[in-house]
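[1] the amino acid sequence is not available; the structure is as follows:
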């Protein structure tokens, strides 16, 4: 949050056993590219480590941000072609912690 209480980014997810999963990640449009998303993801990963997780899963459609996750060390493990629509894919990624 900014000093005025305005929400600029957020993430939700889960942990279960040694696995963690990111359900949603959001960064306000005017804050994208500032590093806040990478910081948010690092905080999520640190919390997952503290909970005993060894890896994190996330999915992202090709029209969203799979490249963002890949730049931060996530590797594509599966791609569901033409989901949700032809020419767009559902990309599943994993990062070893």
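    Cool, got the structure. Since the structure is predicted, the reported quantities are computational estimates derived from the model, not experimental observations.
[2] give me the pLDDT for the closest residue to residue 96 other than its chain neighbours.
    Nearest non-adjacent residue to residue 96, counting by C-beta to C-beta, 6 or more residues apart in numbering: residue 55, 5.2 Å away. Any C-beta I mention is one placed from the backbone N, CA and C, and that applies to glycine too. pLDDT recorded at residue 55 is 98.
[3] where does residue 55 fall, phi/psi-wise?
    Backbone torsions for residue 55, taken as degrees, to the nearest 10, come to phi -160, psi 160.
[4] touching, it and residue 18? I think so.
    Yes. In this structure, residue 55 is within contact of residue 18 by C-beta atoms under 8 Å, at 7.0 Å.
[5] what about those two, which has more around it?
    A side-by-side neighbour count of residue 55 and residue 18, using other C-beta atoms under 10 Å, places residue 55 first with 15 against 12.
[6] ok, that one - contacts?
    18-20, 94-97 (C-beta atoms under 8 Å, 6 or more residues apart in numbering).
[7] one more pass at 7 Å, please.
    Residue 55 makes contact with 19, 94-97, according to C-beta atoms under 7 Å, 6 or more residues apart in numbering.
[8] per-residue confidence averaged over the helix of greatest length in the chain?
    Using DSSP state H, we find that the single longest helix of the chain is helix 36-50. In this model, helix 36-50 has a mean pLDDT of 97.
[9] what's the burial count for residue 47?
    Counted by other C-beta under 10 Å, the residues lying close to residue 47 total 14.
[10] now residue 54
    Residue 54 has 12 neighbours, counted by other C-beta under 10 Å.
[11] now residue 95
    19.
[12] still on that earlier bit, next, the buried residues of the helix or strand following the longest helix of the chain.
    Downstream of helix 36-50, the next assigned helix or strand under DSSP states H and E is strand 55-61. Across strand 55-61, burial judged by 16 or more other C-beta atoms under 10 Å covers 56-60.
[13] stretch 77-95 too?
    Applying a neighbour-count criterion of 16+ other C-beta under 10 Å, one finds 89-95 buried in stretch 77-95.
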